[in-house]
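[1] Fold the following for me, if possible:
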Amino acid sequence: MPGHSGGTYHSQVTSRPAAAQRLRDLARLRRVRDRIDREYARPLNVEALARDAHMSAGHLSREFRLAYGESPYAYLMTRRIERAMALLRRGDLSVTEVCFAVGCLSLGTFSTRFTELVGMPPSAYRRLAADATEGMPPCVSKQVTRPIRNREAPITESHLA
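    You can find the predicted model right below:
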């Protein structure tokens, strides 16, 4: 049947470019994620990331969420909070200094996001973390204290005790 084989051929032809585009998008998304990992402390926004990836901001946000389970902004903030946790465990910087060192421009936004991910404010974490991880190798303390991604940490009495 000429009509039937033509339809099959047409769907194969159109699916190849779509698959190739998907692979190009995934490569771009990996580059965006790698850039966020490298440059988390620099001023980054979705528009600039999208422009550099040759995508619209909306397309980048949708595709990034599909690929990695969270928006580029949420991923960036998670990276910043992970680094902030390490700096706060050292204990030699104030919360404000840590906030700016990881690239946050607003202490309020930093504290709110930190509390959502970690389950306590950065000031409380700074006080407790030094004692909790004392004597622990850095590679172990990093794993034990990794923030929770994609959901808010429950605030329990044990965190505040």
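[2] Okay, now the unreliable bits of this structure?
    Low-confidence segments of the chain, defined by pLDDT under 70, are located at 1-14, 132-136, 138-161.
[3] Tell me how it divides into domains.
    Structural domains annotated on the chain: 2-69, 74-160, as defined by automatic domain parsing.
[4] tell me the most buried of these?
    Greatest average neighbour count among those goes to domain 74-160 (a mean of 16), per mean count of other Cβ atoms under 10 Å. Where C-beta positions appear, they are placed from N, C-alpha and C, glycine not excepted.
[5] Next up, the contacts around Met77.
    If a contact means Cβ atoms under 8 Å, 6 or more residues apart in numbering, then Met77 has 113, 117 as its contacts.
[6] And what about it, helix, strand or coil?
    Taking DSSP: H, G, I helix; E, B strand; the rest coil as the rule, one finds Met77 in the helix state.
[7] so where do the helices sit in this structure?
    With DSSP state H as the definition, the chain shows helices at residue ranges 2-39, 46-52, 57-68, 72-90, 95-101, 107-118, 122-132, 138-144, 157-160.
[8] quick check, distance from the second one to the centre of its chain.
    Computed by Cα atoms, centre = their mean, to the nearest Å, the chain-centroid distance of helix 46-52 equals 15 Å.
[9] can you list contacts of that helix?
    By Cβ under 8 Å, 6+ apart, the list of residues contacting helix 46-52 from outside reads 32, 35-36, 56-57, 59-61, 71-73.
[10] Restricting to C-alpha, output that helix in PDB.
    Listed in PDB are the C-alpha atoms of helix 46-52, where the atom choice follows Å, rounded to 0.1, in the frame of the first residue of the first chain:
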ATOM      1  CA  VAL A  46      18.200  31.700  33.800                       C
ATOM      2  CA  GLU A  47      18.100  34.300  31.000                       C
ATOM      3  CA  ALA A  48      21.900  34.400  30.700                       C
ATOM      4  CA  LEU A  49      22.200  30.600  31.000                       C
ATOM      5  CA  ALA A  50      19.600  30.200  28.300                       C
ATOM      6  CA  ARG A  51      21.100  32.700  26.000                       C
ATOM      7  CA  ASP A  52      24.500  31.000  26.300                       C
END
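[11] coming back round to it: dump the contacts of helix 46-52 to a markdown table, plus distance to Ser111.
    Supplementary listing: the contacts of helix 46-52 in a markdown table, determined by distance: Cβ to Cβ, whole Å:
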| residue | distance to Ser111 |
| --- | --- |
| Val32 | 26 |
| Arg35 | 26 |
| Ile36 | 21 |
| Ser56 | 32 |
| Ala57 | 26 |
| His59 | 32 |
| Leu60 | 27 |
| Ser61 | 25 |
| Ser71 | 20 |
| Pro72 | 21 |
| Tyr73 | 17 |
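[12] Alright, I will stop here.
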